[in-house]
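Participant: quick one, fold the following:
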Amino acid sequence: MKLEVLVVPVSDVDRAKHFYGTLGFRLDIDHVADDDFRVVQFTPPGSECAIIIGNGISSAEPGSLQGLHLVVTDIEAACADLVDRGVDVGEVFHDAGGIFHHLGTKYRVSGPDPKRSDYGSFAAFADPDGNGWVLQEVKTRAPGR
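Facilitator: Residues are numbered from 1 along each chain as shown. Okay, here's the model as predicted:
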């Protein structure tokens, strides 16, 4: 099995389409069947998994999707690129526990992981509806990946 598509619930398809285009995601399709059904698919650069936004495709509340991870090899460069594109990206952080980030901000420690361990440095941002995205730095993949 291979994860191919994630449905991201949004309230305004055109606004979300502009946002994801601004991120540099590739627009794969924008299909309008009628006023009640529209499918817009984007693929993040370098990814094999796409996202779909649209009308009539999800019963989830707009902004309810959290913890979508985008893996990058250089977290500072990725943050700078997004900021240059007009995206409000939070500061780079690592988790006090050192393994993975906790829900919320209570255990966030400012700055990248001190050892620059793979999978240990993060930055967060949200789309216009509040769907939460996390950048995660990975330079060398774990075995088997």
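Participant: partners of the strand of greatest length in the chain in the sheet?
Facilitator: Ranked by residue count, the top strand of the chain under DSSP state E comes out as strand 26-34. Here strand 26-34 is paired, per DSSP bridges, with strand 37-43 (antiparallel).
Participant: pull out the buried positions in the partner strand.
Facilitator: The neighbour-count criterion (16 or more other C-beta atoms under 10 Å) identifies 38-43 as the buried residues of strand 37-43. Just so you know, the C-beta spots here come from the backbone N, C-alpha and C atoms, and that holds for glycine as well.
Participant: cool, stretch 94-112 as well?
Facilitator: By neighbour count with 16+ other C-beta under 10 Å, stretch 94-112 contains the buried residues 94-95, 101, 108, 112.
Participant: roughly how far is it from the heart of the chain?
Facilitator: 17 Å (C-alpha atoms, centre = their mean, to the nearest Å).
Participant: now do the end-to-end distance for that stretch.
Facilitator: For stretch 94-112, the first-to-last residue distance is 5 Å (C-alpha to C-alpha, to the nearest Å).
Participant: one more: stretch 52-62?
Facilitator: For stretch 52-62, the first and last residues are 13 Å from each other (C-alpha to C-alpha).
Participant: just send the buried residues of stretch 94-112 back as TSV, with secondary structure and pLDDT too.
Facilitator: Below are the buried residues of stretch 94-112 laid out as TSV (DSSP: H, G, I helix; E, B strand; the rest coil; pLDDT from 0 to 100):
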residue	secondary structure	pLDDT
94	strand	94
95	strand	92
101	coil	84
108	strand	90
112	coil	94
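Participant: out of those residues, who's nearest residue 48?
Facilitator: Ranked by distance to residue 48 (C-beta to C-beta), these are led by residue 101 at 23.7 Å.
Participant: so the closest one makes contact with residue 109?
Facilitator: No. The pair residue 101 / residue 109 is not scored as a contact, 10.0 Å apart, by C-beta atoms under 8 Å.
Participant: quick one: common contacting residues for the two?
Facilitator: Taking C-beta atoms under 8 Å, 6 or more residues apart in numbering as the contact rule, residue 101 and residue 109 both touch 93-95.
Participant: what is the nearest of these to residue 3?
Facilitator: Lowest distance from residue 3 to the shared contacts of residue 101 and residue 109 (C-beta to C-beta) belongs to residue 95, with 24.0 Å.
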